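1. missing the sequence, but the structure's below:
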């Protein structure tokens, strides 16, 4: 009898523990009324559970993925440097042929490589408009970049190009000898007649033009 009573008491204790654990789990799984999630990591995981990798490097380990797609553009871009995710307000088209391009180079000659990201924002037959992004790898800080349209739109620059020419139907970037170059098309009556080459340089905590050349 005593043995049976002890067994019953043990069973009741186990049952009580199971009930308490179940109540805790149910409380933890319930959402607040406003739908927010207290845990930042949990919130991030829920938002990115359907992520799609769109670009990456192996060394250093860099991954760019999107959490959605709409009207031909990826939505909710996130970049991971190592194990650290960073949500970014970038835009790039969702066609595989125009996937983001990633490069590593020591652009400012400080002995540390920067991460260069080239995105495609617009495209048409034979033309594409790319956008340049540059990040410090260690600090994960994005540096300011003066885009070609801003540089060429400055009143201080006179390229001597006729008013009947169209500049910038195509904008692309290349990396040569640890330098970034922007290649901007010059067209006249829908025919490409030349290019403008902008060589970038590290200036005042960001990147702007160092040299501009006309290529006929």
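-> The structure has been received and is ready for your questions. None of the values given here were measured: they were computed from a predicted structure.

2. drop to CA atoms for contacts and neighbour counts, all remaining ones
-> Fine.

3. Now the residue most central in space within the chain. Its backbone dihedrals?
-> Centroid-nearest residue in the chain: residue 79, 5.0 Å away (criterion: Cα atoms, centre = their mean). Here is the backbone geometry of residue 79 (degrees, to the nearest 10): phi -110, psi 130.

4. Please apply the same query to the one 4 residues further on.
-> Torsion angles at residue 83 (phi, psi; degrees, to the nearest 10) stand at phi -110, psi 10.

5. Going forward, count from 25.
-> Okay, residue one is now 25; in that scheme the one you just asked about reads as residue 107.

6. Per-residue pLDDT of it, please?
-> pLDDT for residue 107: 86.

7. For burial, what's the neighbour tally of it?
-> Residues within reach of residue 107, counting by other Cα atoms under 10 Å, total 10.

8. Now the longest strand belonging to the chain: buried residues?
-> Longest strand in the chain, counting residues (DSSP state E): strand 215-227. For strand 215-227, the neighbour count (16 or more other Cα atoms under 10 Å) marks 216, 218-226 as buried.

9. Using TSV, lay out those residues together with pLDDT.
-> Output for the buried residues of strand 215-227, formatted as TSV (pLDDT from 0 to 100):
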residue	pLDDT
216	89
218	92
219	94
220	94
221	96
222	96
223	97
224	97
225	96
226	96
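
10. could these go into JSON lines alongside distance to residue 165?
-> Output for the buried residues of strand 215-227, formatted as JSON lines (distance: Cα to Cα, whole Å):
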{"residue": "216", "distance to residue 165": "37"}
{"residue": "218", "distance to residue 165": "35"}
{"residue": "219", "distance to residue 165": "32"}
{"residue": "220", "distance to residue 165": "29"}
{"residue": "221", "distance to residue 165": "27"}
{"residue": "222", "distance to residue 165": "24"}
{"residue": "223", "distance to residue 165": "22"}
{"residue": "224", "distance to residue 165": "18"}
{"residue": "225", "distance to residue 165": "17"}
{"residue": "226", "distance to residue 165": "15"}
